[in-house]
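Asks: Using only what follows, build the 3D model:
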Amino acid sequence: MGKYSIVLEKVAEKQIKLHFKSGNKTSIKRIDQIVEELKSTPTLVSETLSPGNMV
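Replies: Here you go, the predicted structure:
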């Protein structure tokens with residue numbers, strides 16, 4: 001199965017950069033996990049985006 005590419009809006013890029021700049025390892029790890037998951041299976045799963053799991 002192929003990999004998909006992800007195109008982020010400028011606002012999202014800015015917010016992700018702020019997370020990386022903050023050095024919060026938990027947030028950085030979660031962002032990386034979400035990006036890798038979207039590259040392989042670009043589907044929206046409501047459990048992943050529940051309020052308790054948001055970055």
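Asks: which stretches of this protein form helices?
Replies: Here the chain has its helices, by DSSP state H, at 10-22, 25-40.
Asks: Next, the angle helix 25-40 makes with the first one.
Replies: Angle between the axes of helix 10-22 and helix 25-40 is 140 degrees (criterion: axes from the mean of the first three to the mean of the last three Cα atoms, to 10 degrees).
Asks: re earlier: can you list the helices of the chain in CSV and add mean pLDDT?
Replies: Converted to CSV, the helices of the chain look like this (pLDDT from 0 to 100):
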stretch, mean pLDDT
helix 10-22, 93
helix 25-40, 90
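Asks: So which of those helices has the densest surroundings on average?
Replies: helix 25-40 (a mean of 13; mean count of other Cβ atoms under 10 Å). All C-beta atoms are positioned from the backbone trio N, CA, C, and that covers glycine.
Asks: which helices and strands does it pack with?
Replies: In terms of contacts (3 or more Cβ pairs under 8 Å, 6 or more residues apart in numbering; DSSP states H and E), helix 25-40 is packed against helix 10-22.
Asks: Off-centre distance for the helix it packs on?
Replies: 11 Å (Cα atoms, centre = their mean, to the nearest Å).
Asks: what's that helix in contact with?
Replies: Contacts to helix 10-22, defined as Cβ atoms under 8 Å, 6 or more residues apart in numbering, come from residues L8, S27, I28, I31, V55.
Asks: With distance to P42 added, can I get the residues you listed in a markdown table?
Replies: A markdown table is the format used below for the contacts of helix 10-22 (distance: Cβ to Cβ, whole Å):
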| residue | distance to P42 |
| --- | --- |
| L8 | 13 |
| S27 | 22 |
| I28 | 21 |
| I31 | 16 |
| V55 | 18 |
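Asks: If anything else comes up later, I'll come back, but that's it for now.
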